[in-house]
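A.B. asks: With the input below, show me the fold.
(chains A and B, ligands or ions: 2)
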2 protein chains.
Amino acid sequence: MTAARPDIAGCKAALAGLDIDDTPATVKQKSRDFFWYSPVLKARMDHLTADFVVAPRDADELRRALAAAYAHDVPVTTRGAGTGNYGQAMPLAGGMVLHMKHFDRVLEIAPGRVRAEAGAIIAGIDRQTRAQSGQELRMHPSTAQTATIGGFVAGGSGGVGSIRWGGLRDAGNLLSLTLVTCEAEPRTLRLTGDDIHKASHAYGVNGVITEVEAPLAPAYEWRDVLLGFDTWREANAFAYALGHQDGMLLKQLCTVAAPIGQNFFKRHARFIGPHDHLVVAMAAPNAMGALDAFAARWPSARVLFRSDRDATEGLPPAYELGWNHTTLRALRVDPSITYLQVLYGEPTVEKIVEMAEVYGDEVPGHVEFVRFDGRVRGMGLPLVRFTDEARLDAIVAGHEARGCPVFNPHRYTLEEGGMKQSDPAQLGFKRETDPKGLLNPGKMIAWDDPDHDFAAQGFYLFPGMAAQ
Amino acid sequence: MTAARPDIAGCKAALAGLDIDDTPATVKQKSRDFFWYSPVLKARMDHLTADFVVAPRDADELRRALAAAYAHDVPVTTRGAGTGNYGQAMPLAGGMVLHMKHFDRVLEIAPGRVRAEAGAIIAGIDRQTRAQSGQELRMHPSTAQTATIGGFVAGGSGGVGSIRWGGLRDAGNLLSLTLVTCEAEPRTLRLTGDDIHKASHAYGVNGVITEVEAPLAPAYEWRDVLLGFDTWREANAFAYALGHQDGMLLKQLCTVAAPIGQNFFKRHARFIGPHDHLVVAMAAPNAMGALDAFAARWPSARVLFRSDRDATEGLPPAYELGWNHTTLRALRVDPSITYLQVLYGEPTVEKIVEMAEVYGDEVPGHVEFVRFDGRVRGMGLPLVRFTDEARLDAIVAGHEARGCPVFNPHRYTLEEGGMKQSDPAQLGFKRETDPKGLLNPGKMIAWDDPDHDFAAQGFYLFPGMAAQ
Ligand SMILES: Cc1cc2nc3c(=O)[nH]c(=O)nc-3n(C[C@H](O)[C@H](O)[C@H](O)COP(=O)(O)OP(=O)(O)OC[C@H]3O[C@@H](n4cnc5c(N)ncnc54)[C@H](O)[C@@H]3O)c2cc1C
Ligand SMILES: Cc1cc2nc3c(=O)[nH]c(=O)nc-3n(C[C@H](O)[C@H](O)[C@H](O)COP(=O)(O)OP(=O)(O)OC[C@H]3O[C@@H](n4cnc5c(N)ncnc54)[C@H](O)[C@@H]3O)c2cc1C
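C.D. replies: Ligands and ions are numbered 1, 2, ... in the order given. Purely as a prediction, here's the structure:
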């Protein structure tokens, strides 16, 4: 539906006075995210680049940028920090990269909530809410130190904190979004309640988010804990049981199969043996006594590391051993490694063990435990020793055939990744906010090809609005 | 095992100078709790009374009292506020009531925890932690305004807050207990980790708790919400689904069948129609937007009352419509009413509806939704229109036969109530702390009758230490 030819020069001229960069090296750099995590996306997206980068300094300049894009039919790819790893932030059709770096203020901190501009770095928000109120965001991606809150809402799903609060998809984990439309006269809209999901996890296809209002939880001096187990089964059984302990406040809980820890967690390696299957957890100080007692009841459990006991200098926080940081650490050592995203069926621990048995060392295990629809579930981000695309597809199919749906991180469209079908609320909203289809074109199949057949895919990770 | 004859006079003489009361009217009053909730217990316990009440002013006096009891073979029943409703605080063998009213100080408030003396009133603790730190206890009984923290730990199970944190039985919901033994020279012990469960929910049979250390959660201006539904099924399906919403922070969640609300919730009655099946919830302010959106998706859901919209003057807090306050309100109108405690089997909503269909108006529905072993479960406190004990027993048996275990509130022993079997850790600990068996004698079957046959009861609500 992006019919007319973009008039790049006209658009740039209309934006005179704004913070614009068209140095090819910079534009190329700001046109890339962590798509290269996927050998599949790398092969297809490496060449992509926009025409120029504009970084509006305030809402007026943002509206000017969007009006100019509209007038000159220029595609717009909004950019936070570019840490997305499905190529979400890659401009498929060139045009403008709309960089949100100047939208970096925390606007309001109140009991139980914070309002921040979309380009604010997540860890920076937490530092301010902590200092001012002893609170912090309920959840953040493991990229919190670099990623923006707007990029997280538009491109992410959950992460550190999801063992307690579920994901961004869960009602209540976002309070409001403010966004600007791409029209002749861009409008500013505020979304609350179910409407939030029209624009969350939409890759910016239906508006540029300028403000995010999110709930806060109490900030604790979280303790990082690494436990070792003799078997992959016991590590996962432990984590699954621990996740059900309602009285022990956790912020993060994952398992990592041996020898991932020793081979890839370079700075923690001295604590980890080659045969240690790991549980990596972050627990509130008031949970530590109960956690010790709990661990003592497991046959092979041993506490390898505790941040309140061992020297922590030079060590990354435990959450940077989890989520896609596990993959990142493996990739750095062995560039042939990639990964998958798997929701293990029930019984969870059995399914996790079954997949490990089927795929062995080709798919080393890594499972994030999260609350999902009110239940503790295992969300796998197993490593994959990549050989070729056909084999990767076969591994995906093999998981799905065994009752473990895969949210394919080797796809850059909303629907082929976590969505698994088009979201009518997001699509309808796009008609209102982006009538010319200029926002992040090519990421929403349903817009480009309304007749696309999303043959019964069975599972749908990001329902815009959960039906009863 | 309480062999020797108590020497009451000798004991009182040894306690000269302490705060002692032996006025028969006072002694009788301090020998009673809410046992009369149960017509069964009322028939059996109404006559019970101790010989005198002693209220130690500090730890020294407490040790003196316990040493004197030991020396003179005098039974000791520790008393908080006497709001227990299984006759836990009723002296079965006369002797001393040990009143904890002078142990009423909050000792320490820190991020994530509080330490208080056992006789401190729960609501008073919350007032202090709120004022000083914006925190509050994770959970409290609906009797928070009168009950003591020590009585809650020794005699209670959970309540308001259990939809988020589970119960007192869950590891992490108590951090430490300090208690004093009943020996020639009473010792002071501090229990942490799994050892806590040796003395929690032990009715004071194995030590007098002097201090409780408990975790704190953030304090919010909780919103009271009453929703009405056309059917009992929909009200419960709604509550069950709401309980699974990980992103909506709730403190309390229960359902009450029509016409309980209109008939018995006198001060809220003007908001409630005769056919309204109720959901009563307490939600954090940051959950209200999501809750509105969530409710809008249910066919008959209507918001009858919101404390942030409607006048609240003269109304009790929503939690005083739940737990045993539901029963209390019914009893005040119709003294023939009593109640049960039922853990509904799975699928929960079906079981709740099934029981309502089987027993109809004889057992009007009231279900508290709680986290139980990491899952949302329906914990019923249905009203029962009492006719006779045989019929009551038949109703209990009928529930159990249909997969809904009953924790019989018409029994005063640990094992016949929630325990369902004897707890070896509690029993072993009693041997150490109370060698003469003077503490609350008669409440622990396993002590009095080690050979008692706890024929396979199937379900065990208060495992002292959960095995893996
Ligand atoms: C090592 C590693 C670990 C990761 N861990 C996690 C994790 O734990 N959980 C998780 O969910 N994700 C994770 N991710 C993915 C990603 O880092 C996060 O989702 C992150 O929050 C993205 O933020 P960003 O600012 O980098 O967004 P970007 O990558 O810049 O953008 C992401 C998407 O959002 C759009 N967008 C950005 N800003 C806006 C805006 N203001 N308005 C509208 N659209 C916008 C972009 O167009 C793009 O489609 C990880 C990635 C890596 C590389
Ligand atoms: C209307 C109503 C509503 C209720 N709601 C709830 C609820 O929501 N959740 C719940 O769990 N319970 C509930 N209960 C039961 C009871 O109110 C609570 O468990 C309450 O916390 C008991 O505290 P108390 O100070 O009154 O204890 P008491 O009744 O005085 O004592 C309870 C038991 O603990 C022992 N004990 C007391 N203090 C000590 C001590 N310092 N050391 C050792 N042993 C001690 C006593 O001997 C007795 O066996 C309710 C009761 C009523 C009447």
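
A.B. asks: Can you name the residue of chain A nearest ligand 2?
C.D. replies: A:G247 (14.8 Å; Cβ to the nearest ligand atom). For glycine as for every other residue, the C-beta is placed from the backbone atoms N, C-alpha and C.

A.B. asks: Look at that residue and report its pLDDT.
C.D. replies: Looking at A:G247, its pLDDT stands at 98.

A.B. asks: now do A:G464
C.D. replies: 42.

A.B. asks: low-confidence ranges in the stretch 351-468 of chain A?
C.D. replies: In the predicted model of the stretch 351-468 of chain A, residues A:455-468 satisfy pLDDT under 70.

A.B. asks: Up against chain B, what does the stretch 151-300 of chain A have?
C.D. replies: A:164-166, A:170-173, A:175-176, A:192-194, A:215-218, A:220-221, A:241, A:243-249, A:284-287, A:289-294, A:296-298 (Cβ under 8 Å from any Cβ of the partner chain).

A.B. asks: Pull out the buried members of the residues you listed.
C.D. replies: A:164-166, A:170-173, A:175-176, A:193-194, A:215-218, A:220, A:241, A:243-249, A:284-287, A:289-291, A:293-294, A:298 (16 or more other Cβ atoms under 10 Å in any protein chain shown).

A.B. asks: Of these, which belong to helices?
C.D. replies: Among these, the members falling in helices (DSSP state H) are A:164-165, A:241, A:243, A:289-291, A:293-294.

A.B. asks: Any chance of JSON lines for those residues, columns pLDDT and distance to ligand 2?
C.D. replies: Below are those laid out as JSON lines (pLDDT from 0 to 100; distance: Cβ to the nearest ligand atom, whole Å):
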{"residue": "A:R164", "pLDDT": "98", "distance to ligand 2": "24"}
{"residue": "A:W165", "pLDDT": "98", "distance to ligand 2": "25"}
{"residue": "A:A241", "pLDDT": "98", "distance to ligand 2": "25"}
{"residue": "A:G243", "pLDDT": "98", "distance to ligand 2": "25"}
{"residue": "A:G289", "pLDDT": "96", "distance to ligand 2": "20"}
{"residue": "A:A290", "pLDDT": "97", "distance to ligand 2": "20"}
{"residue": "A:L291", "pLDDT": "98", "distance to ligand 2": "25"}
{"residue": "A:A293", "pLDDT": "96", "distance to ligand 2": "22"}
{"residue": "A:F294", "pLDDT": "97", "distance to ligand 2": "23"}
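
A.B. asks: What is the most widely separated pair among these?
C.D. replies: A:W165 and A:A293 (25.0 Å; Cβ to Cβ).

A.B. asks: Out of the helices and strands in chain A, which is least certain?
C.D. replies: helix A:445-448 (a mean of 91; mean pLDDT, DSSP states H and E).

A.B. asks: What is that helix packed up against?
C.D. replies: Helix A:445-448 is packed against helix A:424-433, with contacts defined by 3 or more Cβ pairs under 8 Å, 6 or more residues apart in numbering or on different chains; DSSP states H and E.

A.B. asks: For the stretch 301-450 of chain A, what lies in contact range of ligand 1?
C.D. replies: A:323-325, A:328, A:440 (Cβ under 6 Å from any ligand atom).

A.B. asks: Quick check: the residue nearest the centre of chain A vs A:G80, distance?
C.D. replies: Nearest to the mean C-alpha position of chain A, counting by Cα atoms, centre = their mean, stands A:G156 at 3.0 Å. As judged by Cβ to Cβ, to the nearest Å, A:G156 and A:G80 stand 10 Å apart.

A.B. asks: Give me the common contacts of these two.
C.D. replies: Each of A:A147 lies in contact with both A:G156 and A:G80 under the rule Cβ atoms under 8 Å, 6 or more residues apart in numbering or on different chains.

A.B. asks: Now do the contacts for the residue of the stretch 1-150 of chain A found nearest ligand 1.
C.D. replies: Residue of the stretch 1-150 of chain A nearest ligand 1, by Cβ to the nearest ligand atom: A:G80 (2.4 Å). Residues in contact with A:G80 (Cβ under 8 Å, 6+ apart) are A:89, A:100, A:118-119, A:147-148, A:150-152, A:154-155.

A.B. asks: same check, this time on A:F34
C.D. replies: So, once contact is read as Cβ under 8 Å, 6+ apart, A:F34 ends up touching A:82-85, A:324.

A.B. asks: now the residues you listed in TSV, with pLDDT and secondary structure?
C.D. replies: Listed next are the contacts of A:F34 as TSV, based on pLDDT from 0 to 100; DSSP: H, G, I helix; E, B strand; the rest coil:
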residue	pLDDT	secondary structure
A:G82	98	coil
A:T83	98	coil
A:G84	95	coil
A:N85	93	coil
A:N324	97	helix
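
A.B. asks: Also within reach of chain B: list those from the residues you listed.
C.D. replies: Counting by Cβ under 8 Å from any Cβ, no member of the contacts of A:F34 reaches chain B.

A.B. asks: top of those by neighbour count?
C.D. replies: A:G84 (25 neighbours; other Cβ atoms under 10 Å in any protein chain shown).

A.B. asks: so that residue makes contact with A:G155?
C.D. replies: Yes: contact criterion Cβ atoms under 8 Å: A:G84 and A:G155 qualify, at 4.4 Å.

A.B. asks: who touches A:E211 in this structure?
C.D. replies: A:E211 touches A:107, A:115-118, A:176-178, counting by Cβ under 8 Å, 6+ apart.

A.B. asks: Identify those among those residues that sit within strands.
C.D. replies: A:107, A:115-117, A:176-178 (DSSP state E).

A.B. asks: just the buried members of those?
C.D. replies: Buried among the ones in strands among the contacts of A:E211 by 16+ other Cβ under 10 Å: A:115-117, A:176-178.
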